[in-house]
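Student: here is my input; please provide its structure:
(chains A and B)
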Amino acid sequence: MTKEQRLKKRHNAEKRFRFYGLASIFFALLFVLILVHNIFSKGSSAFMKTAINVEVFYDKDLLELEPGASEEDILEADFFDITIESLLKVYPAKNMDEEDALIELFTTDAEIEIKKAFLNNKNLIGKKINLEITASDDIDQLHKGNYPRDLPEDRRRISNFQLEIYDVLVENKTITKNFNNYFFKNGDSRDPEIAGIGGALVGSFYSILICLLLAFPVAVLASIYLEEFAPKNKITDFIEININNLAAVPSIVYGLLALQILLATIQLPRSTPLVAGITLALMTLPRIIIPCRASLKAVPPSIREGALAVGASKFQSVFHHVVPLALPGTLSGTIIGLAQALGETAPLILIGMVAFVVDIPSTPIDPSSSLPVQVYLWSESAERGFVEKTSATIMMLLSFLIVMNFLAVYLRQKFEKRWN
Amino acid sequence: MNNVKIKSKNLNVYYGEKQALFDVNLDLNEKEVTALIGPSGCGKSTFIRCINRMNDVIDICKVSGNIEIDGVEINDKNLDVVSLRERVGMVFQKPNPFPKSIYDNISYGPKIHGKGETKSELDEIVENSLKKAALWEEVKDRLDEPGTGLSGGQQQRLCIARAISVNPEVILMDEPCSALDPIATAKIEELIDELKKTYTIVIVTHSMAQAVRVSQKTGFFHLGKLIEVGKTEKIFKNPDNKMTQDYITGRFG
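Tutor: As a prediction, the model looks like this:
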């Protein structure tokens, strides 16, 4: 082979490599794009909810309330009758079946919404007010264009009569789309129109908080000890191998462990963020120790020697110099570990977090859900409304993960000290 | 001739199975510069790291024999290395300032030893140390800037100032100029000349010219053995040993 031929071959090899690299990046981006598009196109409509404008008359006699009634009286009062009265005024129904069909257009929580509006303004007694009452899941989906109305009536959940009412409502502009605050503040529900991720958000928050409080100090101290103080011998080698192995143990195994030890033996309360936090902490521990040790190892030995040479003790050289320098890496490792824990589903299912919990937990020992488990729960539900809710929950989860990862990168870049 | 400050007797050092120093007997005089020369891996650095017990950091390193400073044995398990290192400062081959401000680099040592209780005392120590290291004029207006932002030569003088800050008796220098350009090297050498009035200095160097310029006494190491030691003039003009002769004339090394 001549020199020119060899040179040409080397250049060609480089060009080929560049092409393969670009192609891989293109494919990776393509898949991300497909994923994001799929989630956004399905999920973005969940942030809006459909409501129907209804004139509510707070009839004194039907409510059996006097002006200036106490809060307790109002809470006990029956708003069912005025709810039905108000809803039936939306469209003239000729018989009982049609009345039922009309009422089905509204959420099952219509009575609660009417009661809440009254609690906010107790002077409404004997007065009329226009309220935006949340529409039922079926109408919500129809209004968002997710429901095929050209199916034959017997295969549709919405009857022809209901479609007729809907069309009139659209024409009168009494049906509106508003921001869906229920999605953020409500707990889970069997009815998609009022189901929210409030409970899952709080549950995830508590779980991650407990995970952080348990895993971070233990992981940091373990890393500092192993990296700086422990003698390098067969025992520490063995510990290191085991930590690396633990980081690769499937998360469901931690779930089984927690089921056996935390729930069956110690009898901690089932389905709670407390147990979830402990389980996630066990799982996250090795995943924090590894980056933590790496960042300690990255601090040049000359810094340690410099400190020792002016008479710092081992402890002082580590805590005055090495740890502060390793902190950005440690923090970003911790955040990434927590981000993984936030998205973890399998162990939480095993410790019973998959239970249907309507109430928003007020403490870490109340039964609760979590974001990824909520995704799992809703993805199995039959109602159309849960499809968009599933995707919207994934969007929330992803945005938390992205924020956490950006935070990790930011911390690392902002506080990382450079030396030559 | 000055008094003997540091005395090593039958010093042997092992890195695991490998022996790095063989029965080194070397006396270092007070307020004098002793240069240690020899080819790479001959044990010069290992020797000076015994004087402030920096070899303790290396797990596999074992030191046997005696080293005395002012007649007190320092190669003793019960000895507090922290107070030893307060008395024996060290400057490394590569400048290694802490990634902190110039002020914090100097004040760190005094702080941990409880010197300079008040801010003004610390300020004074920082100023004096930087003056002694001939760096004060260059950095006095930017003491809060990071030490790592200085030039290589300035960083090394900062490290010397850091070593001086705890007021040691001995300063060990492990090839302090090997990462510096000739101008920075000249400055450090001038500085060493000045410092020897106050401190006992041991310098490891690869530059024969530097050894001649700065030292009063020179020791030649080869393969872990101290081959010859004597007045610098004598070693470079009229060495007793053939190997020393060969090394200083550049026939090997």
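Student: so what's B:Ser215 up against?
Tutor: Counting by Cβ atoms under 8 Å, 6 or more residues apart in numbering or on different chains, B:Ser215 touches B:33-35, B:203, B:232. Where you see a C-beta, it was placed from the backbone N, CA and C, and this is true even at glycine.
Student: can you tell me, leaving aside adjacent residues, what's nearest to it?
Tutor: B:Ala35 (3.5 Å; Cβ to Cβ, 6 or more residues apart in numbering or on different chains).
Student: among the contacts of B:Ser215, which are located in helices?
Tutor: B:Thr232 (DSSP state H).
Student: in TSV: the contacts of B:Ser215, plus neighbour count and pLDDT.
Tutor: Formatted as TSV, those follow (neighbours: other Cβ atoms under 10 Å in any protein chain shown; pLDDT from 0 to 100):
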residue	neighbour count	pLDDT
B:Val33	26	95
B:Thr34	26	95
B:Ala35	27	95
B:Ile203	27	95
B:Thr232	20	93
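Student: A:Ala281: neighbouring residues, count only.
Tutor: By other Cβ atoms under 10 Å in any protein chain shown, 25 other residues sit near A:Ala281.
Student: so for the helix or strand it falls within, what's the average pLDDT?
Tutor: Secondary structure assignment for A:Ala281, by DSSP states H and E: helix A:273-297. The average pLDDT within helix A:273-297 is 95.
Student: how about it, does it reach chain B?
Tutor: No: counting by Cβ under 8 Å from any Cβ of the partner chain, chain B has no neighbours in helix A:273-297; the shortest distance is 14.1 Å.
Student: now that helix: buried residues?
Tutor: A:273-293, A:295-296 (16 or more other Cβ atoms under 10 Å in any protein chain shown).
Student: isn't the residue nearest to B:Ser215 up against B:Arg213?
Tutor: No: contact criterion Cβ atoms under 8 Å: B:Ala35 and B:Arg213 do not qualify, at 9.3 Å.
Student: sorry, back to before: can you name the next helix or strand after the helix holding A:Ala281?
Tutor: helix A:301-309.
Student: does anything pack onto that next one? Which helices or strands?
Tutor: strand B:88-91, helix B:152-165 (3 or more Cβ pairs under 8 Å, 6 or more residues apart in numbering or on different chains; DSSP states H and E).
Student: got the angle between that helix and helix B:152-165?
Tutor: Here the directions of helix A:301-309 and helix B:152-165 differ by 30 degrees (axes from the mean of the first three to the mean of the last three Cα atoms, to 10 degrees).
Student: now helix A:301-309: buried residues?
Tutor: A:302-309.
Student: find the nearest non-adjacent residue to B:Ile6, please.
Tutor: Nearest one to B:Ile6, counting by Cβ to Cβ, 6+ apart, is B:Leu28 at 4.1 Å.
Student: show me which residues of the strand or helix carrying the one you found are buried.
Tutor: In this structure, B:Leu28 sits in strand B:18-29 according to DSSP H and E. Within strand B:18-29, the residues that qualify as buried are B:20-21, B:24, B:26-29, counting by 16+ other Cβ under 10 Å.
Student: can you pull out the helices in the stretch 151-253 of chain B?
Tutor: B:152-165, B:182-195, B:208-214, B:232-237, B:242-248 (DSSP state H, counting those that start in this stretch).
Student: any idea how far the helix holding A:Ala281 is from the chain center?
Tutor: 20 Å (Cα atoms, centre = their mean, to the nearest Å).
Student: do stretch A:329-341 as well
Tutor: Centre to centre, stretch against its chain (Cα atoms, centre = their mean), the figure for stretch A:329-341 is 17 Å.
Student: do it and chain B meet at all?
Tutor: No: contact of stretch A:329-341 with chain B (Cβ under 8 Å from any Cβ) is absent, the minimum separation being 13.9 Å.
Student: what does chain B put close to chain A?
Tutor: B:52, B:54, B:57, B:59, B:82-86, B:89-90, B:92, B:94, B:96-99, B:108-109, B:112-113, B:148, B:159, B:162-163, B:165-166.
Student: now these: which count as buried?
Tutor: By 16+ other Cβ under 10 Å, the residues of chain B next to chain A give B:52, B:54, B:82, B:84-86, B:89-90, B:92, B:94, B:96-99, B:108-109, B:112-113, B:148, B:159, B:162-163, B:165-166 as buried.
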